[in-house]
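>>> with the sequence up front, the predicted model follows.
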There are 2 protein chains.
Amino acid sequence: MRVELLTVGDELLLGDTVNGNAAWLGRRLADHGVAVTRSTVVGDRLDVIVEAVTEALGRADAVITTGGLGPTGDDVTRDALAKAAGVALVRDPELERRLRERVAAAGRGLRPMALRMADVPEGAGLLADSAGGAPGLRVRLPGGTVYALPGVPAEMRTIMEEVVLPELADAARSRDGGPAVARRLLRTAGIWESELATALAPVEALDGVALAYLPDPAEVRVRLTAAPDRLDDVERRARELLGPDAVYGTDEETLDKVVHRLLAERSATVATAESLTGGLIGAELTRMPGSSATYAGGMVAYSTALKEKMLGVPADLLARHGAVHPDVAAAMAAGVRERLGATYGVAVTGVAGPDPQDGRPVGTVFVGVSGPEGSPVVVEPRLPVPGTGAVARGIIRRMTVVHALELLRRVLLDLPVRWAAPPGGGDAREDREV
Amino acid sequence: MRVELLTVGDELLLGDTVNGNAAWLGRRLADHGVAVTRSTVVGDRLDVIVEAVTEALGRADAVITTGGLGPTGDDVTRDALAKAAGVALVRDPELERRLRERVAAAGRGLRPMALRMADVPEGAGLLADSAGGAPGLRVRLPGGTVYALPGVPAEMRTIMEEVVLPELADAARSRDGGPAVARRLLRTAGIWESELATALAPVEALDGVALAYLPDPAEVRVRLTAAPDRLDDVERRARELLGPDAVYGTDEETLDKVVHRLLAERSATVATAESLTGGLIGAELTRMPGSSATYAGGMVAYSTALKEKMLGVPADLLARHGAVHPDVAAAMAAGVRERLGATYGVAVTGVAGPDPQDGRPVGTVFVGVSGPEGSPVVVEPRLPVPGTGAVARGIIRRMTVVHALELLRRVLLDLPVRWAAPPGGGDAREDREV
């Protein structure tokens, strides 16, 4: 079962919008055993869409299009599908009625142009979601089926989940007799891709097993691909080779979710004290619904003076060493833990750039975690500084968030830490590579 | 001058990675007067890449590929280009020398596989950046030129900026005699797309002018397209129709940059007090290098109790109305301003969902700004709640960030505000649509 994606919209070619729809569709289809074999973006031009759909059905069994179903003149996917099918566009009375109702409910008049949204290629089926949103279209062509979906992500996803994914998954099962391979992501933080690849070479050498390394800032996801009945064994072998603590989660189990789970299991809470990340760690720890059970709150002490005032970092420490120092990270972690009454405090201080600060180069970061027992743990993770300027700044901030959550995970699980920064600020980074 | 993009990588088809490279390339090429007419993603398969490159050169003058130039067995772009050109792959001695040097400097041994990175299609040119990173390839085929770039964004971007963009811009100028159209983005916050479209209808009706609406959560970017010598006039007309305060910036001038500029012009600083956004407003205000001049710091008071403890929100107010109330937003803004010693305080409280809180439905948000004069300004922006669950939660949080920065901008410029929330908490939202 081969499916191609066709995303329609000038804004994608011009780079005003990133093609998140294609990524989402690829992931959900793979989850259902359907392989996306090609993904194409074209502009809002009728002939180009007709050509692209026809070509795609020459290679694949089905095509999913997104975009071009709106009310304006440049929304021409409907017209293109009618042309590809060699049929006329006809007005669907039920769609027209719904459209008029929606517009009336919003207290507006219906622009004549908007009635285009009630036009469908003759013989097309409607892909309606249960919420009554804008519907998609199912058009049967000689080469296969086209599913035309709205470009608005929420509408597209609802129709996919409710209608198209079950239909394609059924077709894939009945045609291919179930998926030939299954995939699983192993998630790691703070480990180089090259270290992972070296450790996992024996798995990579196994027949019928494929590995792919998907690097993100300070994280690498390892995708295992194997026959469905072998996947658990492959995962077990990979975990043995990497060591018991390297994989923090699988598939959609992100680091923030893991940390919340570990805190909840211990009836514990965490508070954050941030400098260079400006609130990103707090934002990450509040992504998940229900996070208030384990996340108390945080302080963003962006200026050096506020580190003393908000978090009680000793003034003489700041005067002596500046704000970027392991003892400052430790004091921030202990300070926020105490002031917010949380079980754990996690803190970061460092240099996101583009300029050095307090004599420390861009990419210097100290992460501290303070808990109910012992002194704070502080690490100075080695960040591969990715070039210069605004992009580097964003990546350094993101890497810092990951290292903060990973250190908290390791402290919660009582695991060894890497890049421990000795109190007093000796430079622990003999392996630094900036 | 027509250019197509070809992105190579299974991880993109599987949705493990979003195609940010294609968006960046589209934007930068448009900036240089070069139109991307199609963008295709294929997997790591030699024959498919050969076919896609050949097809693309049947339609366009040049093709830019990204990905598939690495050292592993599934990196087959080099091989595909040699096959498409009908030439052999030959080892480049200079590339081999550099590769061995890099590996030696990192204290590792060279895996034989890695030497593949020194292979180039016979006759291909090297696209080297000034920093000595992994080079790209320029391969001339009968139908046009292929620029093959690494998939690592930082490497790809450097080669584009230094080598490929100047080359393609030159070619476009000498062929087309300069760009036929120019584009500009007008950025707005807190205004519906339908309101903008109604107001701008007279501009849309102008001959040779095209408008596109690019909606993001709580923001709409309006892209104007016109002949280069008319663009300033078109922008002026659009601003007249929208009113003087609707457009906060153009092109890359994001809302955080505008707010920092306005603060700096007034030698003022801002502090943030966040609840449902968990630190996202602070993170947004620290994206820009040098933001410490105008951003003091912030508090994330995620739990109701911390709103009293950290920000001095009166306990009886919280007890009477819960945490989601206009007076709480006002007290948070005033509290953080005073406690952090900033000129302005901006605060948000609300319900990101998925469950209602304190009797308020998901999507209820109050934004407050406290300044040196008068009482805090509080608004209750109308947020179109985008479905349910984790996606909706993320979008509500993002919309809240935008409304917070936009309210701060309006207060700084002494502009009227929309959706003012009266003290005491009467429901101002007769126009609510959730």
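The structure has been received and is ready for your questions.

>>> show me the shaky parts of chain A.
A:106-109, A:131-133, A:386-390, A:425-434 (pLDDT under 70).

>>> quick one, domains of chain A?
With domains defined by automatic domain parsing, chain A comprises A:2-176, A:182-250, A:255-412.

>>> how long is the shortest one end to end?
If I follow you right, that is domain A:182-250. 14 Å (Cα to Cα, to the nearest Å).

>>> and for the first one?
Across its full length, domain A:2-176 reaches 11 Å end to end, with Cα to Cα as the criterion.

>>> with mean neighbour count and distance to B:Ala210 as extra columns, can I get the domains of chain A in TSV?
C-betas here are computed from N, CA, C, even on glycine. As requested, the domains of chain A are exported to TSV (neighbours: other Cβ atoms under 10 Å in any protein chain shown; distance: least, Cβ to Cβ, whole Å):
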stretch	mean neighbour count	distance to B:Ala210
domain A:2-176	19	8
domain A:182-250	17	37
domain A:255-412	22	30
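
>>> any chance of the ones you listed in JSON lines, with distance to chain B too?
Converted to JSON lines, these look like this (distance: least, Cβ to the nearest Cβ, whole Å):
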{"stretch": "domain A:2-176", "distance to chain B": "3"}
{"stretch": "domain A:182-250", "distance to chain B": "5"}
{"stretch": "domain A:255-412", "distance to chain B": "3"}
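
>>> okay, those domains in CSV with distance to B:Val139 next?
Shown next, in CSV, are the domains of chain A (distance: least, Cβ to Cβ, whole Å):
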stretch, distance to B:Val139
domain A:2-176, 22
domain A:182-250, 26
domain A:255-412, 26
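
>>> to B:Leu224, which of the ones you listed lies closest?
B:Leu224 sits nearest to domain A:2-176 of all the domains of chain A, at 12.2 Å, using Cβ to Cβ.

>>> how far does the closest one sit from its chain's centre?
How far domain A:2-176 lies from its chain's middle: 24 Å, per Cα atoms, centre = their mean, to the nearest Å.

>>> then stretch A:273-293?
Relative to where its chain is centred, stretch A:273-293 has its mean C-alpha point 16 Å off (Cα atoms, centre = their mean).

>>> quick check: end-to-end length of that stretch?
Span of stretch A:273-293 from end to end, Cα to Cα: 18 Å.

>>> the helices in the stretch 151-300 of chain A, which residues?
Using DSSP state H, counting those that start in this stretch, the helices of the stretch 151-300 of chain A run over A:153-159, A:165-176, A:193-199, A:201-204, A:231-242, A:255-265, A:280-285.

>>> distance to A:Ala210 added to these, as a markdown table?
Output for the helices of the stretch 151-300 of chain A, formatted as a markdown table (distance: least, Cβ to Cβ, whole Å):
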| stretch | distance to A:Ala210 |
| --- | --- |
| helix A:153-159 | 28 |
| helix A:165-176 | 18 |
| helix A:193-199 | 13 |
| helix A:201-204 | 8 |
| helix A:231-242 | 10 |
| helix A:255-265 | 25 |
| helix A:280-285 | 31 |
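
>>> please report phi then psi for the residue lying farthest from the centre of chain A.
Distance from the centre of chain A peaks at A:Asp316, with 41.6 Å (Cα atoms, centre = their mean). Main-chain dihedrals, A:Asp316, degrees, to the nearest 10: phi -70, psi -30.

>>> A:Val139 too?
Main-chain dihedrals, A:Val139, degrees, to the nearest 10: phi -120, psi 120.

>>> who's it bridged to?
A:Val146 (DSSP bridges).

>>> so what's A:Ala315 up against?
Counting by Cβ atoms under 8 Å, 6 or more residues apart in numbering or on different chains, A:Ala315 touches A:Glu308.

>>> against A:Met332, how distant is it?
For A:Ala315, the distance to A:Met332 equals 14 Å [Cβ to Cβ, to the nearest Å].

>>> longest helix of chain A?
For chain A, the helix with the greatest residue count under DSSP state H is helix A:389-412.

>>> report the angle between that one and helix A:255-265.
Helix A:389-412 runs at 30 degrees relative to helix A:255-265, counting by axes from the mean of the first three to the mean of the last three Cα atoms, to 10 degrees.

>>> thinking again about what came up before, out of the helices of the stretch 151-300 of chain A, which is closest to B:Glu284?
helix A:280-285 (9.5 Å).

>>> which SS class is A:Thr72?
Per DSSP: H, G, I helix; E, B strand; the rest coil, the secondary structure class of A:Thr72 is coil.
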